[in-house]
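Participant: Please work out how this folds:
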Amino acid sequence: LSAQEIRYLAPDEGEQVLVTRLRDGTAARIAHHHVVPLLRRRLDELAERVEAVLLLCTGTFEPFPYPRPILYPERFMLAMAQAVAPWHLGVITPDPAQLDEQQTRWSRAAGRVTSMPASPYTAAETLPALGTRLADRGADLIVLDSLGYGLAMKEAVHRASGRPVLLPRTVLARAAAELLG
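Facilitator: Below is the predicted model:
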């Protein structure tokens, strides 16, 4: 998409926010409702050419009618957190506008949820401090809730917090290997 098209996708106040990294490495905030029709078109284009689709976003998406399996990272992450059954879940999310949504979403997996923002694209250096703060507040498990967070970030949060950390890209990769391997 052009820069102008990407600007058009920006969320208005109160809209569900997704954060993504562009090819040039910069981050962009986009409204969830703008992404859904783009995904539907891309899925239609790919239907006959792929065996499965890995959705590379941890946002909440209603199931798309599709002739191939679609792996939704959010569902795998919620299932993993629910399986661990932490009392207090710490969630690091890319954008402050996502904090309320994270509280609602992750409360299905834990008795208590504490969410904090740190973009994997512009604020990765703050992740260890957030891990420490979450551990100090009693988090049993920490979720890095974006595919933008990488292995080094996961390790930094784990070292700082002393808590297990769920990383969407590894959870999704392992699920894909199991289901498609």
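Participant: use CA for all of it now, contacts and neighbours both
Facilitator: Noted.
Participant: Show the residue spans covered by the strands in this protein.
Facilitator: 17-21, 27-31, 53-54, 70-71, 88-93, 112-117, 141-144, 165-166 (DSSP state E).
Participant: Let me know which of these is tucked in deepest.
Facilitator: Highest mean neighbour count of the strands of the chain: strand 141-144, a mean of 27 (counted as mean count of other Cα atoms under 10 Å).
Participant: That one pairs with which strands?
Facilitator: strand 88-93 (parallel), strand 165-166 (parallel) (DSSP bridges).
Participant: got a list of contacts for that strand?
Facilitator: For strand 141-144, contacts defined as Cα atoms under 8 Å, 6 or more residues apart in numbering pick out 86, 88-93, 131, 134, 154, 163-168.
Participant: can you point me to the longest helix in the protein?
Facilitator: The longest helix of the chain (DSSP state H) is helix 32-46.
Participant: any residues touching that one, and which ones?
Facilitator: Contacts of helix 32-46 (Cα under 8 Å, 6+ apart): 9, 11, 15-18, 64, 66.
Participant: rewinding a little: okay if I get the strands of the chain as TSV plus mean pLDDT and distance to Ala3?
Facilitator: TSV is the format used below for the strands of the chain (pLDDT from 0 to 100; distance: least, Cα to Cα, whole Å):
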stretch	mean pLDDT	distance to Ala3
strand 17-21	92	13
strand 27-31	93	10
strand 53-54	94	25
strand 70-71	95	28
strand 88-93	97	24
strand 112-117	97	25
strand 141-144	98	28
strand 165-166	97	33
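Participant: thinking again about what came up before, what angle separates the longest helix of the chain from strand 17-21?
Facilitator: 50 degrees (axes from the mean of the first three to the mean of the last three Cα atoms, to 10 degrees).
Participant: pLDDT averaged over helix 32-46, what's the number?
Facilitator: In this model, helix 32-46 has a mean pLDDT of 94.
Participant: Any buried residues in it, and which?
Facilitator: 32, 43 (16 or more other Cα atoms under 10 Å).
Participant: cool, and stretch 61-72?
Facilitator: 61, 70-72.
Participant: same thing with stretch 118-131?
Facilitator: Of all the residues in stretch 118-131, those buried under the rule 16+ other Cα under 10 Å are 118-121, 124, 126-128, 130-131.
Participant: which residues touch Ala85?
Facilitator: Counting by Cα under 8 Å, 6+ apart, Ala85 touches 109-110.
Participant: And it, how close does it get to Asp95?
Facilitator: Ala85 sits at a distance of 25 Å from Asp95 (criterion: Cα to Cα, to the nearest Å).
Participant: Got the confidence number for Gly25?
Facilitator: For Gly25, the model assigns a pLDDT of 86.
Participant: Give the closest residue to it in space, chain neighbours not counted.
Facilitator: Tyr121 (7.8 Å; Cα to Cα, 6 or more residues apart in numbering).
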